[in-house]
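Fold the following, please.
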Amino acid sequence: MKGKEFAEAVGGEMLKRAGRAASRFQEESPLPVDVLESSDEYLVVFDAPGATATDVQVNYEGDEVHVRVDRFRDFREGFEMVFPGRGLTLEGHARLPEDAVVDAEAARAELNDNGTLYVFLPKTGGDATRIEVTDHHDEDAADEDAADDDAE
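Residues are numbered from 1 along each chain as shown. Below is the predicted model:
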């Protein structure tokens, strides 16, 4: 093996190791989250980049919203992984205020196309529950889908 080939092999291996370390760091860091409150519900907003509704699990227990995202890498034919830096399993949680009383059974979660997850928790009462996540599209897309359904 010549010096240049050796340097390329070592450099490639170092990139892969750095990528794996970056991926582990991302997986160990909690998802960014905001907690908002209106007069009738709480809104918990998570950044869930690269996720689809089927990748996301949302649970409410006690006074906390727990989110887990299991993403997948799309492999591209003709390409080799050089820097595997994106975490595939991401988690986050948010604690509601101590005096929060919500109806967990009426909670809903929406995942927008840009990877923003909205968890709506109406105020009243409730216990632990799993919250179904749906894809949320803008109203124009929903109107087009309805028109397509009517045409069929």
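
Test my guess that Ala48 contacts Thr116.
Yes - taking contacts as CB atoms under 8 Å, Ala48 lies within contact range of Thr116: 7.2 Å. In this view, the C-beta of every residue, glycine as well, is placed from N, C-alpha and C.

Compare the two (neighbour count), which wins?
Ranked by neighbour count (other CB atoms under 10 Å), Ala48 and Thr116 place Ala48 first, with 26 against 15.

The closest residue to that one other than its chain neighbours and Asp99, how far apart?
Of all residues not flanking Ala48 in the chain, Leu117 sits nearest, at 4.5 Å (CB to CB, 6 or more residues apart in numbering). Per CB to CB, to the nearest Å, Leu117 is found 24 Å from Asp99.

about what we covered before: now do the strand or helix carrying the residue nearest to Ala48: which elements does it pack against?
Leu117 is part of strand 116-122 when elements are defined by DSSP states H and E. Here strand 116-122 touches strand 41-47, strand 56-61, strand 64-70, strand 108-112, going by 3 or more CB pairs under 8 Å, 6 or more residues apart in numbering; DSSP states H and E.

Columns mean pLDDT and mean neighbour count on top of those strands, output as CSV?
CSV is the format used below for the helices and strands packed on strand 116-122 (pLDDT from 0 to 100; neighbours: other CB atoms under 10 Å):
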stretch, mean pLDDT, mean neighbour count
strand 41-47, 95, 19
strand 56-61, 93, 19
strand 64-70, 92, 19
strand 108-112, 95, 18
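
is it possible to export the ones you listed to JSON lines including distance to Val35?
Listed next are the helices and strands packed on strand 116-122 as JSON lines, based on distance: least, CB to CB, whole Å:
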{"stretch": "strand 41-47", "distance to Val35": "5"}
{"stretch": "strand 56-61", "distance to Val35": "13"}
{"stretch": "strand 64-70", "distance to Val35": "8"}
{"stretch": "strand 108-112", "distance to Val35": "14"}
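
nearest to Asp34, of those?
Asp34 sits nearest to strand 41-47 of all the helices and strands packed on strand 116-122, at 4.5 Å, using CB to CB.

quick one: the closest one to strand 116-122, angle?
If you take axes from the mean of the first three to the mean of the last three CA atoms, to 10 degrees, strand 41-47 sits at 160 degrees to strand 116-122.
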